[in-house]
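Undergrad: here's a sequence, model it:
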Amino acid sequence: MSDNLPRRQVLRTAGTIGLGAAAAGVLHETATASPAGAASPADAAGWDHGRFEIRKEIFGRTPAGEQVDVYTFTNGRVTISMLTWGATLQRIETPDRRGKKENISLGFDNLEDYANLSPYFGATVGRYGNRIANGRFTLDGKTYQLPINNGANSLHGGTIGFDKKVWKAKAVRTGSAIGVAFSYVSPDGEMGYPGKLTSTVTYTLDKANRLRVEYHAVTDKATVVNLTNHVYFNLGGEGTGSIDDHILQLNAPAYTPVDATLIPTGQIAPVGGTPFDFRRPTAIGARIRDDHPQLVIGRGYDHNFVLDRAGSDGFRLAARAWEPDSGRSVTVHTTEPGVQFYTGNFLDGSFQGIGGKSYRQGDAFCLETQHFPDSPNHPNFPSTVLRPGQTYRSTTTFTFGTI
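TA: Residues are numbered from 1 along each chain as shown. Got it, this is the predicted structure:
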């Protein structure tokens with residue numbers, strides 16, 4: 001990909017230049033309402049409400065000439081950078097227990113690598129996050145064929161999924177949060193999926209260091225939808241190596257075993273007595289090399305965990321993770337029934353990230369809140385069907401802190 005702008009270096013140094021500095025990149029636009037209708041207009045000179053600040057800069061251009069922007073917003077403690085390319089979480093900068101800030105999200109500093117190399121780093125993926133067996137499903141008696149891009153299967157929406165689209169974006173704020181609302185309209189038949197799907201994903205950061213992700217979608221024809229974000233975390237800092245010593249707790253009494261192509265078998269299996277039991281805090285690397293057939297298939301963890309619904313009002317704890325040395329932590333809540341826990345098993349060191357270091361197997365983990373993989377082909381799984389007149393809604397929060 002050719003980019004007629006120099007590769008942006010600003011985000012490598014976002015923690016040192018300070019977001020409060022006067023710059024041409026300070027945002028000058030009017031905020032739009034969030035999907036929930038809670039946003040209010042920004043003043044014409046940009047935002048500085050308390051320690052909330054936001055700015056917009058050009059990140060690059062696609063070969064077709066589409067401008068890709070980066071929005072950087074902060075509450076004074078946590079700083080988030082997001083691209084209009086794939087509605088992508090590019091950076092998440094948080095302090096450790098000593099106050100030292102580091103980026104904890106894997107990614108790139110240029111558009112070319114996102115377009116050509118990225119294994120969904122930080123991307124909003126769709127129409128269907130995760131895998132669909134043989135790229136095929138039947139809905140209302142009609143069979144649909146999707147692109148095959150992961151062995152024999154379709155992964156994350158196909159060869160040109162939502163992660164490879166330039167989303168429209170508007171800065172938004174509520175009374176206690178700031179962020180960006182992204183929107184994308186997928187035409188009927190795109191990547192083989194039926195129906196014109198209009199999607200909005202709003203990312204907002206509040207004063208409690210909580211990043212809230214709200215997904216909404218509507219369709220004009222029956223279709224299947226499963227949106228999620230594919231952020232890769234390393235709480236010790238991006239590019240610092242293995243996450244084996246990170247401690248993880250999953251609120252999941254069961255998981256969905258997979259076949260040799262990583263498609264669920266349809267079984268919902270208890271985690272008790274297996275390396276998949278993270279109901280108590282456990283080091284990610286403690287059992288990852290156990291001789292368990294599911295770990296062999298996935299080259300580590302790459303499985304959907306079935307969340308505990310007991311006592312839940314629909315919004316439930318999914319996971320907690322922390323890194324012992326830095327003390328950085330992330331806590332995940334979601335309305336989704338599952339979370340895909342992935343340990344970066346297919347990172348092969350073939351590219352360099354934001355910090356100039358190569359990413360290798362086990363250098364990050366993902367917690368992708370979602371409906372189950374291949375749900376359209378498993379009637380016993382929660383349905384992912386969306387029909388005209390219905391609204392797809394999903395909410396996930398990532399709360400950053402220290403222990």
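
Undergrad: can you give me phi and psi for residue 112?
TA: phi -60, psi -40 (degrees, to the nearest 10).

Undergrad: gap between it and residue 84?
TA: 16 Å (CB to CB, to the nearest Å). The way it works is simple: take the backbone N, C-alpha and C, and place the C-beta from them, glycine included.

Undergrad: quick one: which of these two has more around it?
TA: residue 84 (22 against 15; other CB atoms under 10 Å).

Undergrad: isn't that one right up against residue 165?
TA: No - using CB atoms under 8 Å, residue 84 is not in contact with residue 165, being 9.1 Å away.

Undergrad: ok, residue 380 - contacts?
TA: The contact partners of residue 380, taken as CB atoms under 8 Å, 6 or more residues apart in numbering, are 266, 268.

Undergrad: which SS class is it?
TA: Three-state assignment for residue 380 (DSSP: H, G, I helix; E, B strand; the rest coil): coil.

Undergrad: can you tell me how far it is from residue 256?
TA: For residue 380, the distance to residue 256 - CB to CB - is 10 Å.

Undergrad: what sits in contact with each of these two?
TA: 266, 268.

Undergrad: where along the stretch 251-400 of the chain do the helices fall?
TA: Ranges of helices in the stretch 251-400 of the chain, per DSSP state H, counting those that start in this stretch, are 293-298.

Undergrad: let me see the ranges of the strands in it.
TA: 254-256, 269-270, 282-283, 302-306, 316-322, 328-334, 338-342, 348-352, 358-360, 366-370, 385-386, 392-402 (DSSP state E, counting those that start in this stretch).

Undergrad: pairing partners for the first one, with directions?
TA: Pairing partners of strand 254-256, with direction, according to DSSP bridges: strand 269-270 (antiparallel), strand 302-306 (antiparallel).

Undergrad: surely residue 385 is in contact with residue 139?
TA: Yes - taking contacts as CB under 8 Å, residue 385 lies within contact range of residue 139: 6.7 Å.

Undergrad: give me the common contacts of those two.
TA: Residues touching both residue 385 and residue 139 by CB under 8 Å, 6+ apart: 222-224, 376.

Undergrad: top of these by neighbour count?
TA: Using other CB under 10 Å as the neighbour test, those are led by residue 223, with 25 neighbours.

Undergrad: quick one: residues contacting the closest residue to that one other than its chain neighbours.
TA: Of all residues not flanking residue 223 in the chain, residue 195 sits nearest, at 3.9 Å (CB to CB, 6 or more residues apart in numbering). Contacts for residue 195 (CB under 8 Å, 6+ apart) come out as 188, 219-223, 386, 388.

Undergrad: what about those residues, which are in strands?
TA: Using DSSP state E, the members of these that fall within strands are 219, 223, 386.

Undergrad: in a markdown table, list the residues you listed along with pLDDT and distance to residue 156.
TA: Shown next, in a markdown table, are the ones in strands among the contacts of residue 195 (pLDDT from 0 to 100; distance: CB to CB, whole Å):
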| residue | pLDDT | distance to residue 156 |
| --- | --- | --- |
| 219 | 98 | 19 |
| 223 | 98 | 16 |
| 386 | 98 | 18 |
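
Undergrad: out of those, who's nearest residue 272?
TA: Residue 272 has its nearest neighbour among the ones in strands among the contacts of residue 195 in residue 386, at 34.3 Å by CB to CB.

Undergrad: from residue 215, how far off is the closest one?
TA: For residue 386, the distance to residue 215 - CB to CB - is 12 Å.

Undergrad: tell me which of those two has more neighbours.
TA: The neighbour comparison of residue 386 against residue 215 (other CB under 10 Å) goes to residue 215, with 24 against 21.

Undergrad: show me the beta-bridge partners of the more buried one.
TA: Here residue 215 sits in beta bridges with residue 201, residue 394, going by DSSP bridges.

Undergrad: quick one: residue 371 and residue 397, what's the gap?
TA: On the measure of CB to CB, residue 371 and residue 397 end up 18 Å apart.

Undergrad: more neighbours, the two?
TA: Neighbours were counted for residue 371 and for residue 397 using other CB under 10 Å; residue 371 has more, 24 against 20.

Undergrad: ok so, going back, I'd like the strands paired with strand 254-256 laid out as TSV, including mean neighbour count and distance to residue 177.
TA: Formatted as TSV, those follow (neighbours: other CB atoms under 10 Å; distance: least, CB to CB, whole Å):
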stretch	mean neighbour count	distance to residue 177
strand 269-270	14	38
strand 302-306	25	28
